[in-house]
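*Asks:* Compute the structure for the input listed below.
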Amino acid sequence: MSPPRDRVPRLPHAAPFLLIDRVVEVDEQRGVFVKLVTATDPCVAPDGTLPAAFVLEAMAQGGGALLGAFADRLPSAGYLAGVDDFRLHAAVRVGDLLRVEVSVVRQFASATLLEGRALVGPEVRAEARFTLAVPR
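*Replies:* Just a heads-up that it's a prediction; the model follows:
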């Protein structure tokens, strides 16, 4: 892993839907990103949890940021095209520092299959296999 060239993720998203706050480290096959879950985050549910759909979206955005960091060598990511497997093991709550780890499994002509994990401290809160695709 190498330190990122840019700590800000290269994504087309804007607030309030940009769910990745910082790039920690990236290489051509793997990336680590951080999201701080705050009470002022509009994606947080009234009970103080980050809904599962937003945890998955944070992993997808991590995948997009990974592919965006190497746009000259990897296919660019356009959108979340499919989710093969997603498991939420425990809730993500306000005050948690969510560490998003994604890795490239396989590349196709216009799509990339990735695996992702969302952790709070050493505890895995969610795991997923998902596909990002380039718009035609």
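
*Asks:* Centre of the chain to stretch 54-64, how far?
*Replies:* Centroid displacement of stretch 54-64 relative to its chain, using CA atoms, centre = their mean, to the nearest Å, is 3 Å.

*Asks:* quick check: mean pLDDT across that stretch?
*Replies:* For stretch 54-64, mean pLDDT is 94.

*Asks:* Do I have it right that residue 95 meets residue 41?
*Replies:* No - Residue 95 sits out of contact with residue 41 when judged by CB atoms under 8 Å, with a separation of 11.0 Å. In this view, the C-beta of every residue, glycine as well, is placed from N, C-alpha and C.

*Asks:* how about the helices of the protein, start to end?
*Replies:* All helices of the chain, identified by DSSP state H, fall at 52-69.

*Asks:* Where does pLDDT dip in it?
*Replies:* Filtered on pLDDT under 70, the chain yields the residue ranges 1-16, 71-77, 136.

*Asks:* Between residue 95 and residue 41, which is the more surrounded one?
*Replies:* For residue 95 versus residue 41, neighbours defined as other CB atoms under 10 Å are more numerous around residue 41 (15 against 11).

*Asks:* Please tell me how far the more buried one sits from residue 120.
*Replies:* Here residue 41 is placed at a distance of 15 Å from residue 120 (CB to CB, to the nearest Å).

*Asks:* Nothing else from me, thank you.
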